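Colleague: A structural model of the following input is requested.
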Amino acid sequence: MLALLAAGAGAGFAGGLFGIGGGFVVVPALMLILPLLGASPGEVTHVAIGTSLATIIFTSLRSVSAHARRDAVDVSVLRSWAPWVVLGTVLGSFVAGRVSSVTLAMIFGVGVLLFAAYFLIPAKAERRAFAAMPDGAVRMSLAGGLGMLSALLGIGGGTIATLVMTSCGTPIHRAIGTASGMGAIIAIPGTIGFIAIGLAQPGTPWGSFGYVNIPAALAIIATSMLTAPLGVAAAHKLSPALLRKVFGVYLVVVGVTMMTNS
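Modeller: Next comes the predicted model:
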């Protein structure tokens, strides 16, 4: 239980700090803890990702409300991207239900390493990709891909959203604030999807509803709700360059660990 509370605290802080849902913290922790709760090896990754998505609903809402109080959320972006993000999330949940736990863990590991590269690239090496936020087919593709990948990884999609927005010239703090709102848009349909594909599946741990473990989710949510505002406050005070490097190194460790242990 203490490990779950610690994972929730880390996820909440990371969510507020980087505008992410905290899945990069929660999923690896759950991969270690769920077998102790009775999860079978063949189902542990699915339950970890489904449970992570459930916690992101609350972490995201808490983070975005804190960012909104600092006028750092672009609501128009959230509204215009939401339909395509939801569509991609539903598709991602469908795909997740048809791959093995080992394959899903490998997807998570590779995805984490790709995101690590983004955080470890010096800020001065970034280039503006668009003059403004994309629309039309480009927006549909990016938003749909964001939702699908986030569902497969059990994350809130904040990293991708922040990358896109900063590449379009959005200031980093406003990009992080807006990206934090993507979490709930992704996590609500994602959680429903993982519940649906996990119903009647053998090997899920006690207290699971589909691929969402309720006791684990509640423990993580309890502390993440407390620490998310602390992460938001830190994001507006600390050096962005240092934060990027620290988080990038963490992601490398997580990605390599997931791939070698899958």
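
Colleague: Show me the shaky parts of the stretch 51-200 of the chain.
Modeller: Applying pLDDT under 70 to the stretch 51-200 of the chain flags the ranges 122-131.

Colleague: okay, now the nearest residue to Thr227 once chain neighbours are set aside: neighbour count?
Modeller: Excluding the flanking residues, the one nearest Thr227 by CB to CB, 6 or more residues apart in numbering is Gly12, at 3.6 Å. From N, CA and C alone the C-beta is placed, and that goes for glycine too. Gly12 has 31 neighbouring residues, counting by other CB atoms under 10 Å.

Colleague: So for Gly12, what's the pLDDT?
Modeller: At Gly12, the predicted lDDT confidence score is 76.

Colleague: elements contacting the strand or helix carrying it?
Modeller: Using DSSP states H and E, Gly12 sits within helix 2-18. Contacts defined by 3 or more CB pairs under 8 Å, 6 or more residues apart in numbering; DSSP states H and E place helix 2-18 against helix 23-33, helix 44-68, helix 158-167, helix 172-198, helix 214-235, helix 240-261.

Colleague: Kindly reformat those helices as CSV containing distance to Ser76 and mean neighbour count.
Modeller: CSV is the format used below for the helices and strands packed on helix 2-18 (distance: least, CB to CB, whole Å; neighbours: other CB atoms under 10 Å):
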stretch, distance to Ser76, mean neighbour count
helix 23-33, 25, 26
helix 44-68, 13, 28
helix 158-167, 12, 24
helix 172-198, 9, 25
helix 214-235, 21, 21
helix 240-261, 24, 16
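
Colleague: which non-adjacent residue is nearest the residue most central in space within the chain?
Modeller: The chain has Ile155 as the residue nearest its centroid, 2.0 Å off, counting by CA atoms, centre = their mean. Excluding its sequence neighbours, the residue lying closest to Ile155 (CB to CB, 6+ apart) is Gly23, at 3.4 Å.

Colleague: Please name the residues that touch that neighbour.
Modeller: 11, 49, 52-53, 56, 150, 153-156 (CB atoms under 8 Å, 6 or more residues apart in numbering).

Colleague: cool, Pro215 as well?
Modeller: So Pro215 contacts 37, 206-207 (CB under 8 Å, 6+ apart).
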